[in-house]
Structures are given as C-alpha cells and as structure tokens.
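# how does the following fold in three dimensions:
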Amino acid sequence: MMACLPLCAAAQNQRATKWESGALSKGKKVGEWEYFSYSATGERVVSQRYDHTTGKLLFSRLDDQTYEAETTPGTWTRTALTQAPWFIGGHEALAAYTAKLNYPAAALARNVEGKVIIGFVIDTLGHVGARRVVRGIGSGCDEEALRVSRTVPDAWVPGRLGSRAVSVLYELPFTFRLK
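Modelled structure (predicted):
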C-alpha cells in the first residue's frame, strides 16, 4: 500500500485533454508534456514534447517551411531551419490567443472579413518583439490583431540553425469572419 502512494498521488495530478497531456503540481505544468495536432484525416499526432521542469524541447514535428532568420548578426535570410520556433503548448495553445479577437465596429458596419497577418521576431531566448502588420484588411481589424498579438506570452522555444539559436521572423494569421 505504501508503494502506491506516490503513484496514486501522481495519477491525481495528471491532465489530459484533446490537445495536451502531462502532470500538474500545485497548478503548474511539470515534467514531460505531450502536445497534439490533428492530421487532415483526423488522426491525432504528437506535435511536440516539452519538459516543463527543465525548460527543454524534447521533440517537435518537422516543419517544412522556410523562415526569415538572422543567420549572422544584422543579416536576415529566408532559410529552412533545423528547428522552427515553437510556441510552448503547440499550435492549438497559440490558436487560443488568436481566437480572442473582438470584431471592430467599423468592420462589422462594412461587413469586412479576411485575414490579418502579424509578423514578430522571436529572439534567441524565445522572447517576442518587433510586432507589425504584414498584411492587413483595415476597418480596425489590423489594430485589433496587433492588440491580441501583444497578449501572446514569451513562451517560445527559439528557432535553430544547426545547433545555434537564431532570431526568426514569425508570421501569425488572425482571421476575421462574420457569423
């Protein structure tokens, strides 16, 4: 019975949702967590494993995109990265922030819909800065997307080129769709 106590207590701290699975201690994520995405066929796949205790990315799915990266100080080049920048918690956790949009009154009045792209730099420490509108649709939507982008926390694993962390320009879409 005594041997079960640590295991039973650990089981009570487990959290599993459609998007993530791992252990909690005092309400905080600890140890290795898995984050999931869904394929076009609806298959659940592990997109990321992150150790919240050590602050280390253990696994991330390959990203075949290219990014603008600071390959040498002051020189930005579009390149394929060894490891793309990852929001800790995966794409679904990041999508929770992009869903916090308030539809601007001017956009509602003009029936404006579309996608605003906000670009920002993720530096070598995983901090976000230099936010700007890359592609806008106007009527207050650009400003609203920029406002919401400022709520995204500095919870990024930086991009890597070889074994070296590099600053990366990341583009995040915000979709405005009338209901």
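
# next secondary structure element downstream of the worst-scoring helix or strand of the chain on mean pLDDT?
Least confident helix or strand of the chain, by mean pLDDT, DSSP states H and E, is helix 4-12 with a mean of 49. As assigned by DSSP states H and E, the chain's next helix or strand after helix 4-12 is strand 14-16.

# which residues of this protein fall in helices?
4-12, 90-98, 105-109, 141-149 (DSSP state H).

# dump these into CSV; add distance to residue 35 as well.
For glycine as for every other residue, the C-beta is placed from the backbone atoms N, C-alpha and C. Converted to CSV, the helices of the chain look like this (distance: least, C-beta to C-beta, whole Å):
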stretch, distance to residue 35
helix 4-12, 20
helix 90-98, 3
helix 105-109, 32
helix 141-149, 21
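
# so of those helices, which one's packed in deepest?
Among the helices of the chain, helix 141-149 has the highest mean neighbour count (mean count of other C-beta atoms under 10 Å), at a mean of 19.

# which elements pack onto that one?
Counting contacts by 3 or more C-beta pairs under 8 Å, 6 or more residues apart in numbering; DSSP states H and E, helix 141-149 packs against helix 90-98, strand 114-122, strand 128-135, strand 168-176.

# which of the residues in the longest strand anywhere in the chain are buried?
Identified as the longest strand of the chain according to DSSP state E is strand 28-38. By neighbour count on 16 or more other C-beta atoms under 10 Å, the buried set for strand 28-38 is 29, 32-36.

# which of the residues you listed sits closest to residue 169?
Of all these, residue 169 sits closest to residue 35, with 23.0 Å by C-beta to C-beta.

# beta partners for the closest one?
Judged by DSSP bridges, the bridge partners of residue 35 are residue 20, residue 48.

# for it, give me the pLDDT.
If you check residue 35, the pLDDT there is 85.

# all set, thanks.
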